[in-house]
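Asker: I need the structure of the sequence given here:
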Amino acid sequence: MSETLLAGLIGHPVAHSRSPAMQQAAFDALGIAARYELWDTPAEALTARIAALRAPGYLGANVTIPHKAAVIPLLEALDPLAARLAAVNTIVRERAAESGSVRLVGHNTDVTGLRQALAEQGAWTAGRRMLVLGAGGAAHAALGVAALEGAAVWMAARRVEVARAALSAFQQQAHVDAPPQALGGDQPERAIALDDTERLAAALAESAVLINATPIGTRDPDASPIPPALLRHLPAGAFVFDMVYNPPETALVRAAHALGLHASGGLPMLLYQGAAAFRLWTGREPPLEVMRNTVGIAT
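Answerer: Predicted coordinates:
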């Protein structure tokens, strides 16, 4: 009998996640003897949890809030994108063919997932200007997409200095092929306090894409990262994407729909980032339709 390999989600909290059902369905569909688990990991347990991945029987892990940056010093290597973003959401356990030594490599499949989700929704039809709500690991993925798409970007966070630092750091580390307009030129003016409704309104009026990269709204259908009424400042044709996927339709998405705007919750991003992680762990093409049906995305 083949050994059952383990993968899981590292974060705190993680009980709301739909990754286990989606990844398990993918393993089962391809006959891979693997099990996907939830590993609720407070900060003080993170080092031990990452160390456990070096033991035999592990494929790797996904990483979610609040550990996407904290795991970096615990890994042996990062792929170039994860290094530029300073955020990891997928860890792959690799064994060197010659020496047999094990190393843990951090990747960021959030960028792949978000970029694909936005593309299939036709998000860029109104232009390449983005407002990102939040400045954590998920927001860094949105910055990565902005650079790849050549989009100017504003960032709003509870602590404006954190937003300013995130924009500045990413601009310095951006891919050499990124267009010069990516992320905009004047970073301090593009960092906004999340409660500064006047500046938010002005940024929304210039934005073709609004991304909620905060956890606000998770398991709370009435919570919104900004006052929903502010969405009226978005131009016609703008697209609203909420990375929160539980509930599938958040207050932000409902408000956008009520204004006649195109909007989506985070399930498509969950699907595509999970498919990319599956490919990294197994070296096989993920059964995308099985995964899509498991999380309830209509085709």
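
Asker: low-scoring pLDDT stretches of the protein, where are they?
Answerer: Applying pLDDT under 70 to the chain picks out residues 1-2, 170, 172-188, 299.

Asker: hey, where'd the helices end up in it?
Answerer: With DSSP state H as the definition, the chain shows helices at residue ranges 19-29, 46-52, 80-85, 110-120, 137-149, 160-173, 197-206, 251-258, 267-282, 288-295.

Asker: Contact partners for residue 53?
Answerer: In this structure, residue 53 makes contact with 60-61, 91, 93, 104, judged by CB atoms under 8 Å, 6 or more residues apart in numbering. In short, each C-beta sits where N, CA and C put it, glycine included.

Asker: Go again with 10 Å.
Answerer: With CB atoms under 10 Å, 6 or more residues apart in numbering as the criterion, the residues that contact residue 53 are 6-8, 10, 39, 59-61, 74-75, 91-93, 102, 104.

Asker: Weed out the non-buried ones from those.
Answerer: The neighbour-count test (16 or more other CB atoms under 10 Å) applied to these identifies 6-8, 10, 39, 59-61, 74-75, 91-93, 104 as buried.

Asker: Mind checking which of the contacts of residue 53 are in strands?
Answerer: Counting by DSSP state E, the members of the contacts of residue 53 that fall within strands are 6-8, 10, 39, 59-61, 91-93, 102, 104.

Asker: Residue 109 reaches residue 279, doesn't it?
Answerer: Yes: the pair residue 109 and residue 279 qualifies as a contact (CB atoms under 10 Å) at a distance of 8.7 Å.

Asker: could you measure the closest residue to residue 277 other than its chain neighbours against residue 48, distance?
Answerer: If the residues on either side of it in the chain are set aside, residue 277 comes closest to residue 90, at 4.4 Å by CB to CB, 6 or more residues apart in numbering. Between residue 90 and residue 48 the computed distance is 20 Å (CB to CB, to the nearest Å).

Asker: neighbour count winner among those two?
Answerer: Each of residue 90 and residue 48 has its neighbours counted (other CB atoms under 10 Å); residue 90 has more, 26 against 10.

Asker: Quick check: the gap between that one and residue 276.
Answerer: In this structure, residue 90 and residue 276 are separated by 7 Å, where distance is defined by CB to CB.

Asker: again with residue 240
Answerer: Distance, residue 240 to residue 276, by CB to CB: 24 Å.

Asker: Tell me which of these two has more neighbours.
Answerer: Higher neighbour count among residue 240 and residue 276: residue 240, with 25 against 21, using other CB under 10 Å.

Asker: Run a quick check on that one versus residue 224, I expect a contact.
Answerer: No: shown here, residue 240 and residue 224 do not form a contact pair, counting by CB under 10 Å, at 11.0 Å.

Asker: shared neighbours of these two, anything?
Answerer: 212, 231, 250, 252-253, 255.

Asker: mind putting those residues in TSV, neighbour count included?
Answerer: Formatted as TSV, these follow (neighbours: other CB atoms under 10 Å):
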residue	neighbour count
212	27
231	22
250	28
252	26
253	24
255	20
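
Asker: Please identify which pair of the residues you listed lies farthest apart.
Answerer: The largest distance within the shared contacts of residue 240 and residue 224, taken as CB to CB, falls between 231 and 250 and amounts to 12.3 Å.

Asker: Find the residues that touch each one of the two.
Answerer: 224, 240, 256, 263.

Asker: Who wins on neighbours among those?
Answerer: Scoring the shared contacts of residue 231 and residue 250 on neighbours with other CB under 10 Å, the highest-scoring entry is residue 240 at 25 neighbours.
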